[in-house]
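**Q** Generate coordinates for the sequence data below:
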Amino acid sequence: MPDAASPDTGPTTPARPGTRGRRGPVVAALMLGMALAALDGTVIATAVPQIVGDLGGLSVFSWLFSGYLLAATVTLPVYGKLSDTFGRKPVLIAGIILFLLGSLLCAAAWNMASLIAFRIVQGLGGGALQGTVQTIAADLYPLKERPRIQARLSTVWATSAVAGPAVGGLLAGYADWRWIFLVNLPVGALALWLVARHLVEPARPRTTPVRVDWPGALAVFATGTLLLTALVQGGVAWPWLSAPSLALFAGAALLAALAVVIERRAADPIIPGWVWRRRTIAAVNLALGALGLLMVAPTVFVPTYAQTVLGLGPIAAGFVLSAMTLSWPITAAFSNRLYTRIGFRLTAVTGITLAMLVLLAFPLLPYPGEPWQPALIMLLLGGALGLFQLPLIVGVQSTVPWSERGTTTASVLFCRQVGQSLGAALFGALANAVLTARLPSGDLNDPATLTPRAVDAAVDHVFTAAAGAALLALLVLLILAPRRFPVLSADE
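**A** Residues are numbered from 1 along each chain as shown. I've put the predicted structure just below:
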């Protein structure tokens, strides 16, 4: 029988057994791993002046962020498939070790080129942390309890992402920027010990030899690298219609076609065709891609708005954004009380509809306004997105057996990351266009010419565009997603 607590019903294919062992220590390890991955995406933001002053390389420092993001994103599908093939534990352990190795190497970097290379090593480990942690969380808990662990991970992710710049600034200002990477070692070592000691996966008998689609993995990796490089660097390192941008997009398209050919011929492809043939998974992938797109508006532009328009300092500006991290995990934790009554899709539709209205309310704020006003917007936005994201992740994980959960989770996270990269490119171009039109000199290279009025107008346009991304997610759910998710009866 399908899960009686949920209106989302479907096939009765048994789910694969998850993990055994003591859940408490394993959950602690997952939260530590999630904190490492989230912090290192943002922790060096406020330490850049110290790093550049020590190592030089001002012209390429943006690759400290881009290199990590690229490596973590393009490896997600590979790690997802490997975790379904060999188990979660070896993939997570390998990811932690690789992350710690990258951290140690970053602390020993002797110039900007070496630091960028070692940040890429860190990102290769970060990709394993992101996808495998979410998958193990679904393995550990049945459907009715899954929102609790996912809400904890959401809290850790949001808090770490927002706190990253403050932590980086403190370490760089009062110690040395190399400690930003060295502090990862004891935290990661503890997570590694907890996973190795307490996470026990059941034996999985095999009737056929394991075959890893390495050509497909390489093709997916190369495609993602070119595409994300084009999105991240376009309009920053070179103009959008320049030869480098066009070459990267053309190369990504050719490699994508090659990857499709390889994957169709592979016996056990890295990205199976069913990821996009199944309506539920395809809809969630696209909807969370739109989420990544719209999340650029608050996370990138609200701190600038708070400092330039409201006149707040960096710490106070961070508190305005952090209001979103207070409400997000709360509504996520209680979302199960809603989706067990009305279903995963309708709960997510409710959340994204509210998010769209909140995003449209931002341009209506008075100029210059009071700090509590954008903080309230962030609080409401976090609450709405908590109702949107978690039901989709829990729902889609509950529609697949153990042997497909890693691949499914990785595809969802990959689409969200690509959406975030696309959003940074599109919204950055939009903001620059508005600023250029409103600045007296029309020169964005001179920070002194940035007026509060111009920044206010640019951020208003970005939030309106983010509401458009929310509308896109809403349409995807209404048109493509099934009314009831086909939850497996054994996932309870």
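**Q** how about the helices in the stretch 51-200 of the chain?
**A** Applying DSSP state H, counting those that start in this stretch to the stretch 51-200 of the chain gives helices spanning 63-74, 76-86, 88-107, 112-140, 146-174, 179-182, 184-198.
**Q** any idea how far the first one is from the chain center?
**A** On the basis of Cα atoms, centre = their mean, to the nearest Å, helix 63-74 sits 12 Å off its chain's mean C-alpha point.
**Q** same for it, what does it pack against?
**A** Under the contact criterion of 3 or more Cβ pairs under 8 Å, 6 or more residues apart in numbering; DSSP states H and E, helix 63-74 touches helix 23-42, helix 112-140, helix 214-233, helix 402-438. Where you see a C-beta, it was placed from the backbone N, CA and C, and this is true even at glycine.
**Q** Let me know which of the helices of the stretch 51-200 of the chain is the nearest to residue 335.
**A** With Cβ to Cβ as the criterion, residue 335 lies closest to helix 146-174 of the helices of the stretch 51-200 of the chain, at 5.9 Å.
**Q** before we move on, the earlier item: tell me which of the helices and strands packed on helix 63-74 sits nearest to residue 288.
**A** Once those are compared by Cβ to Cβ, helix 402-438 is nearest, at 4.5 Å.
**Q** got the angle between the closest one and helix 214-233?
**A** 20 degrees (axes from the mean of the first three to the mean of the last three Cα atoms, to 10 degrees).
**Q** Give me the mean pLDDT for the following helix or strand past helix 402-438.
**A** Helices and strands here follow DSSP states H and E; after helix 402-438, the next one along the chain is helix 452-479. For helix 452-479, mean pLDDT rounds to 94.
**Q** list the buried ones in helix 452-479?
**A** 454-463, 465-467, 469-474, 476-477 (16 or more other Cβ atoms under 10 Å).
**Q** sorry, back to before: could you export the helices of the stretch 51-200 of the chain as JSON lines, including mean neighbour count and mean pLDDT?
**A** Shown next, in JSON lines, are the helices of the stretch 51-200 of the chain (neighbours: other Cβ atoms under 10 Å; pLDDT from 0 to 100):
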{"stretch": "helix 63-74", "mean neighbour count": "24", "mean pLDDT": "82"}
{"stretch": "helix 76-86", "mean neighbour count": "25", "mean pLDDT": "87"}
{"stretch": "helix 88-107", "mean neighbour count": "22", "mean pLDDT": "93"}
{"stretch": "helix 112-140", "mean neighbour count": "25", "mean pLDDT": "89"}
{"stretch": "helix 146-174", "mean neighbour count": "20", "mean pLDDT": "74"}
{"stretch": "helix 179-182", "mean neighbour count": "21", "mean pLDDT": "88"}
{"stretch": "helix 184-198", "mean neighbour count": "18", "mean pLDDT": "91"}
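**Q** where does the stretch 351-492 of the chain have low pLDDT?
**A** 440-449, 489-492 (pLDDT under 70).
**Q** In a markdown table, list the helices and strands packed on helix 63-74 along with distance to residue 152.
**A** Formatted as a markdown table, these follow (distance: least, Cβ to Cβ, whole Å):
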| stretch | distance to residue 152 |
| --- | --- |
| helix 23-42 | 6 |
| helix 112-140 | 9 |
| helix 214-233 | 29 |
| helix 402-438 | 16 |
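**Q** What residues does the spatially most central residue of the chain make contact with?
**A** With distances taken as Cα atoms, centre = their mean, residue 417 lies nearest the centre of the chain, 4.8 Å away. Counting by Cβ atoms under 8 Å, 6 or more residues apart in numbering, residue 417 makes contact with 69, 72-73, 76, 292.
**Q** roughly how far apart are it and residue 293?
**A** As judged by Cβ to Cβ, to the nearest Å, residue 417 and residue 293 stand 11 Å apart.
**Q** just residue 307 next, same as before
**A** In terms of Cβ to Cβ, residue 307 sits 24 Å off from residue 293.
**Q** Looking at the two, which has the bigger crowd around it?
**A** Ranked by neighbour count (other Cβ atoms under 10 Å), residue 307 and residue 293 place residue 293 first, with 26 against 18.
**Q** Correct me if wrong: the more buried one contacts residue 420.
**A** Yes: between residue 293 and residue 420 there is a contact under Cβ atoms under 8 Å: 7.0 Å.
**Q** residues in contact with the closest residue to residue 224 other than its chain neighbours?
**A** Using Cβ to Cβ, 6 or more residues apart in numbering and skipping residues adjacent in sequence, the residue nearest residue 224 is residue 74, 3.3 Å away. Residues in contact with residue 74 (Cβ under 8 Å, 6+ apart) are 127, 220-221, 223-225, 228.
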